[in-house]
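A.B. asks: Provided below are the primary sequence and the corresponding predicted coordinates.
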Amino acid sequence: MDGLQIGLESPPQSPSSPSSNGEANGLMQTSGVPCLTIRDSPDMSVRAVFQDFSGCKILNAETLLQMATRIGYCKASHLFVNFEVRTTDRYQLPFTNRDLFHLTQVCDELFVKLVPSLDLQSNYIEPDAARRLVECFLDDFPLSKVAHFGPNLASILIANRTILHGIQRRVTRIYLSYEIDEKNAAVVNELPPYVTLCIEGRYPFEVEALISSRLNVVLRFATSDPGYLCAAPESIAKKAILAAKLGDKFPVLGTMICELSTGCEIMPPSLSYMPEVASVGVSWNKRVDMKRFCFLLPRITAEHFLLDGNMEALFKQASTLGRVEHEITRFSYGLLRPLSNGPSKDFLSTAMSKKTPISVFVEMILNPDNMVLERLTPVIFKKARIELRRSLKALDEARKLLPYNFELALVLAEIQLVTELMVLATRLGQLLCMHGVNPSLVSNSTINNSVSRRKASAESHPIIGYNMVNVGVANLPLTARTDLANSLLDIRAKFQHTWLSRNIASTLPNALKIFDNLFRALLPPSMQDYGKNLL
């Protein structure tokens with residue numbers, strides 16, 4: 001993935017050793033070792049990783065230092081650390097000044113530029129109040145000569161150039177994440193040269209026709225699709241290809257891969273390692289054909305992030321999780337046949353629209369009673385569970401090869417935890433489909449689970465009502481609900497351990513809330529009071 005060009009140059013041969021006498025006894029005789037030339041320079045100057053701490057997930061200082069070390073080894077150039085401040089609260093960062101100073105020093109030693117980032121939850125704030133917040137924020141990073149501001153603060157700074165020029169006296173480079181349209185394109189094109197715009201990379205790239213080529217532009221990509229637990233291999237490759245293709249069409253300084261707090265925030269950072277490696281690698285050498293080499297990402301990630309190629313199986317199973325989740329969701333929305341192994345014919349033409357569907361697994365965890373099960377069947381969930389159980393078996397095999405290393409054990413535990421959570425969701429989905437199927441589709445006390453049987457039954461006997469109705473978790477058998485509740489409670493206990501190993505302890509209560517709705521729905525009415533003591 002790195003941009004090394006290696007060439008061999010034959011040294012000049014001495015007159016006493018002519019080339020005609022170079023071969024003797026079947027061996028090639030040379031007068032010296034060939035010269036080795038290496039080009040070790042990036043194609044893009046900005047190869048950034050963006051960590052968003054605006055939600056309940058806030059990595060602790062130790063995890064941040066480990067992240068800086070890993071991305072520095074992968075030749076990333078910038079580490080953005082984003083914080084969100086509420087205008088109604090007192091300004092305070094979750095880290096001490098000592099932690100921030102230490103992080104800045106470590107990043108400098110690794111040749112990674114730490115970029116402090118700030119945003120507000122709303123742009124309804126007086127410009128002077130916004131200026132005071134920015135000054136307080138920059139005071140916490142006295143050694144930083146760069147800064148980044150999110151969309152809400154960026155809109156205020158673009159509209160008030162005096163504040164923007166005042167910030168430039170303290171930092172030499174200002175990054176602004178901003179959505180550009182026809183209404184604000186004229187104002188954006190007048191930005192000074194010390195400003196770099198961070199624009200979302202998407203296909204088609206309509207912003208190209210609105211902004212001037214003299215602007216400094218960095219493309220933003222998310223580690224996973226919004227509304228999903230994991231990133232699919234196809235999605236990772238698509239974003240890497242977009243980064244290279246858009247860089248050829250429009251002059252960009254580089255790319256920024258963002259681990260945002262807009263999706264399911266309980267997902268561990270280890271599931272973002274592969275997208276980060278792909279983005280940084282393509283930014284270093286955009287001539288890499290990701291269509292051909294995306295299958296090597298698990299091995300590359302294990303080598304560079306875990307420093308152990310034998311742990312390739314961990315990221316292979318992470319890819320399986322993303323593939324299962326995306327394909328069953330696409331089938332639920334009528335976009336794809338379930339669990340097909342064939343790759344997409346064209347990554348760019350299959351780019352998903354702006355209104356992406358929400359993952360079936362996320363819906364099952366957050367609010368299973370409101371799910372639409374019209375296109376889903378028990379067989380689909382059973383096939384998904386079989387794939388996931390294969391992943392659990394592969395993770396158990398990888399555990400046997402695991403060296404005595406806490407970081408490797410933690411990554412394995414995180415991926416295993418997500419797999420168990422998805423297995424539980426498939427069990428719940430299968431139960432909902434089995435008890436919500438239309439009686440017209442039931443023949444000989446056996447549910448016609450397959451799509452072909454359903455169509456054949458519809459042709460022979462007209463269906464009255466819907467094919468599938470969500471009967472709700474409360475109408476499932478008590479034994480099944482109790483079994484699922486016990487499994488969820490076990491997953492919740494494991495989640496607490498992995499969460500506290502990565503994040504600040506004060507964020508745990510908010511993170512655990514994602515399990516509460518499903519756990520209360522699974523418990524029978526007589527055990528609701530007892531369930532409150534368990535949560």
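C.D. replies: Received, thanks.
A.B. asks: Run through this structure and note the low-pLDDT ranges.
C.D. replies: Scanning the chain for pLDDT under 70 picks out 1-39, 262-263, 336-356, 436-470, 529-530, 533-535.
A.B. asks: which residues does the most centrally placed residue in it contact?
C.D. replies: Centre of the chain computed as the mean C-alpha position; nearest residue by CA atoms, centre = their mean is Thr223, 2.5 Å away. Counting by CB atoms under 8 Å, 6 or more residues apart in numbering, Thr223 touches Ala231, Ile257, Cys258, Glu259, Leu260, Leu271, Ser272, Pro275, Glu276. (Glycine included, C-beta is placed from N, CA and C.)
A.B. asks: how near is it to Cys258?
C.D. replies: Separation of Thr223 from Cys258 (CB to CB, to the nearest Å): 7 Å.
A.B. asks: Over to Phe305?
C.D. replies: Distance, Phe305 to Cys258, using CB to CB: 17 Å.
A.B. asks: pretty sure Leu176 contacts Ala159?
C.D. replies: No. Counting by CB atoms under 8 Å, Leu176 stays clear of Ala159, with 11.9 Å between them.
A.B. asks: Please say which of these two ends up with more neighbours.
C.D. replies: The residue with more neighbours, out of Leu176 and Ala159, is Leu176; 22 against 13, by other CB atoms under 10 Å.
A.B. asks: For Trp499, see how far away Ile158 is.
C.D. replies: Taking CB to CB as the measure, Ile158 falls 37 Å from Trp499.
A.B. asks: Tell me the secondary structure at the nearest residue to Glu387 once chain neighbours are set aside.
C.D. replies: The spatially closest residue to Glu387, leaving aside those adjacent along the chain, is Val324, at 5.2 Å (CB to CB, 6 or more residues apart in numbering). Using DSSP: H, G, I helix; E, B strand; the rest coil, the structure places Val324 in helix.
A.B. asks: so when I look at Arg47, I'm seeing a strand, right?
C.D. replies: Yes. Checked against three-state DSSP, Arg47 lies within a strand.
A.B. asks: Find the nearest non-adjacent residue to it, please.
C.D. replies: Nearest one to Arg47, counting by CB to CB, 6+ apart, is Ser283 at 4.0 Å.
A.B. asks: Please, where are all the strands along the stretch 201-350 of the chain?
C.D. replies: Using DSSP state E, counting those that start in this stretch, the strands of the stretch 201-350 of the chain run over 216-222, 254-259.
A.B. asks: could you say what helices and strands the longest one packs with?
C.D. replies: With contacts defined as 3 or more CB pairs under 8 Å, 6 or more residues apart in numbering; DSSP states H and E, the secondary structure elements packing on strand 216-222 are strand 46-53, strand 195-200, helix 233-249, strand 254-259.
A.B. asks: Check the last one too.
C.D. replies: For strand 254-259, the helices and strands in contact under the criterion 3+ CB pairs under 8 Å, 6+ apart are strand 46-53, strand 78-85, strand 216-222, helix 273-284.
A.B. asks: do you know how far the residue nearest to the centre of the chain is from Thr162?
C.D. replies: 36 Å.
A.B. asks: Based on its surroundings, how many neighbours for Leu373?
C.D. replies: 21.
A.B. asks: Checking it next. Helix, strand or coil?
C.D. replies: Secondary structure for Leu373, judged by three-state DSSP, is coil.
A.B. asks: buried sites along the helix or strand harbouring Arg427?
C.D. replies: Here Arg427 sits within helix 406-436, counting by DSSP states H and E. Within helix 406-436, the residues that count as buried by 16 or more other CB atoms under 10 Å are 407-408, 410-436.
A.B. asks: ok, the nearest residue in space to His78 that is not next to it in sequence to Lys245 distance?
C.D. replies: Counting by CB to CB, 6+ apart, Ala48 is the residue found nearest to His78 once chain neighbours are left out, at 3.8 Å. As for Ala48, its distance to Lys245 is 19 Å (criterion: CB to CB).
A.B. asks: and those two? which has more neighbours close in?
C.D. replies: Under the criterion of other CB under 10 Å, the comparison of Ala48 against Lys245 puts Ala48 first, with 30 against 16.
A.B. asks: What's the local residue count around the spatially closest residue to Ser155 that is not a sequence neighbour?
C.D. replies: Nearest non-adjacent residue to Ser155, counting by CB to CB, 6+ apart: Asn123, 5.1 Å away. For Asn123, the count of nearby residues is 16 (other CB under 10 Å).
A.B. asks: show me the contacts for Asn123.
C.D. replies: Contacts for Asn123 were tallied using CB under 8 Å, 6+ apart; they are Pro151, Asn152, Leu153, Ser155, Ile156.
A.B. asks: okay if I get these as CSV plus secondary structure?
C.D. replies: What follows is the contacts of Asn123, written out as CSV (three-state DSSP):
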residue, secondary structure
Pro151, helix
Asn152, helix
Leu153, helix
Ser155, helix
Ile156, helix
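A.B. asks: filter the residues you listed to the buried ones?
C.D. replies: Buried among the contacts of Asn123 by 16+ other CB under 10 Å: Asn152, Leu153, Ser155, Ile156.
A.B. asks: Including distance to Phe519, could these go into JSON lines?
C.D. replies: Shown next, in JSON lines, are those (distance: CB to CB, whole Å):
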{"residue": "Asn152", "distance to Phe519": "35"}
{"residue": "Leu153", "distance to Phe519": "38"}
{"residue": "Ser155", "distance to Phe519": "40"}
{"residue": "Ile156", "distance to Phe519": "42"}
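A.B. asks: and of these, the nearest to Val81?
C.D. replies: Among those, Leu153 lies closest to Val81 (CB to CB), at 15.1 Å.
A.B. asks: show me what contacts the closest one?
C.D. replies: Leu118, Asp119, Leu120, Asn123, Ala130, Val134.
A.B. asks: ok, now how distant is it from Leu215?
C.D. replies: Leu153 is 19 Å from Leu215, by CB to CB.
A.B. asks: Show me which residues of stretch 218-232 are buried.
C.D. replies: Buried residues in stretch 218-232, counting neighbours by 16+ other CB under 10 Å, are found at 218-225, 228-232.
A.B. asks: Could you do stretch 514-530 as well?
C.D. replies: Residues Ile514, Phe515, Leu518, Phe519, Ala521, Leu522, Leu523, Met527 are the ones in stretch 514-530 that count as buried (16+ other CB under 10 Å).
A.B. asks: tally of neighbours for Pro192?
C.D. replies: Neighbour count of Pro192, defined by other CB under 10 Å: 10.
A.B. asks: For it, which residues are in contact?
C.D. replies: So, once contact is read as CB under 8 Å, 6+ apart, Pro192 ends up touching Leu164, His165, Gln168.
A.B. asks: Spatially nearest residue to the second one (excluding sequence neighbours)?
C.D. replies: Closest residue to His165 apart from its sequence neighbours, by CB to CB, 6+ apart: Pro192 at 7.8 Å.
A.B. asks: before we move on, what about the first one?
C.D. replies: Distances taken as CB to CB, 6+ apart place Leu157 nearest to Leu164, at 4.6 Å, with adjacent residues excluded.
A.B. asks: Could you report the neighbour count for that neighbour?
C.D. replies: Counted with other CB under 10 Å, the neighbours of Leu157 add up to 24.
A.B. asks: would JSON lines of the buried residues of stretch 218-232 with distance to Val471 be doable?
C.D. replies: Listed next are the buried residues of stretch 218-232 as JSON lines, based on distance: CB to CB, whole Å:
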{"residue": "Val218", "distance to Val471": "49"}
{"residue": "Leu219", "distance to Val471": "45"}
{"residue": "Arg220", "distance to Val471": "42"}
{"residue": "Phe221", "distance to Val471": "40"}
{"residue": "Ala222", "distance to Val471": "35"}
{"residue": "Thr223", "distance to Val471": "36"}
{"residue": "Ser224", "distance to Val471": "31"}
{"residue": "Asp225", "distance to Val471": "29"}
{"residue": "Tyr228", "distance to Val471": "26"}
{"residue": "Leu229", "distance to Val471": "25"}
{"residue": "Cys230", "distance to Val471": "28"}
{"residue": "Ala231", "distance to Val471": "32"}
{"residue": "Ala232", "distance to Val471": "30"}
